[in-house]
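Asks: Curious how this folds, go ahead:
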Amino acid sequence: MTRSSFGRRAALTSLVLLALVVSACDSKVGGTPQAADTPTSSAPTTGPSGTTADNPFGDMKPCASLDELLRGQGYPAAIPTAADSARTCTTVKKVGDDSIRVSLSLHAGQTINENIADPSKASSGTVNDRAAVQEREPIGAKGQCDVKMEVKPKSRAIVAVTLGVGTTDQACTDVNDFATKFEPMLPK
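Replies: Alright, predicted model coming up:
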């Protein structure tokens, strides 16, 4: 059983399954989509373990972190994405006629409430007591779900799942599981 909580609008059978995985929360995320914050030119202050005020992730690398999260589950090594190679890595595993894509992004300087494409499909909650937002179909396609987890002071880690032929509900169940396992790897 995971310790994630997010709102659900699913069929009764899905709710029974999800009740084991997710505690309900009806807090919707408000706002409109917006561009990412522009980095500032101020010099960062150094914190413990190589972290800075501008980057609390320190030496964490998204590909190595994703590989560690998925170790032993049959996924090939994660690779940087073409669109955001410095911050985002992905891997795809074939499962019968389906495929499961898992991605991890480490965004210093962006909060969990930024860049939400459709606020009506986003719910606030927690992952292991860490503030989080779950977004269903974040780029508008069925079978997608992501969880944005807060990393203080003003950053986020995003775990995303895209299923080749699966449902959005299944993608959300899968991403909640991955996010719950990944959360302890994040800086406190």
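
Asks: The longest strand belonging to the chain - which strands sit beside it in the sheet, and in what orientation?
Replies: Longest strand in the chain, counting residues (DSSP state E): strand 98-108. Next to strand 98-108 in the sheet, as set by DSSP bridges, lie strand 88-95 (antiparallel), strand 155-163 (antiparallel).

Asks: in the shortest one, what's buried?
Replies: Judged by neighbour count using 16 or more other CB atoms under 10 Å, the buried positions of strand 88-95 are 88, 89, 90, 91. In this view, the C-beta of every residue, glycine as well, is placed from N, C-alpha and C.

Asks: beta partners for the third one?
Replies: The one in question is residue 90. Under the criterion used (DSSP bridges), residue 90 bridges to residue 79, residue 103.

Asks: doesn't residue 99 make contact with it?
Replies: No - the pair residue 90 / residue 99 is not scored as a contact, 11.5 Å apart, by CB atoms under 8 Å.

Asks: related to what we said a few turns ago, closest to residue 68 out of the strands paired with strand 98-108?
Replies: strand 88-95 (11.4 Å; CB to CB).

Asks: Figure out how far that closest one is from the centre of its chain.
Replies: 14 Å (CA atoms, centre = their mean, to the nearest Å).

Asks: low-scoring pLDDT stretches of this structure, where are they?
Replies: Counting by pLDDT under 70, the ranges of the chain that qualify are 1-53.

Asks: show me where it has strands.
Replies: Going by DSSP E, the chain shows strands at 4-5, 22-23, 79-80, 88-95, 98-108, 122-127, 130-136, 144-151, 155-163.
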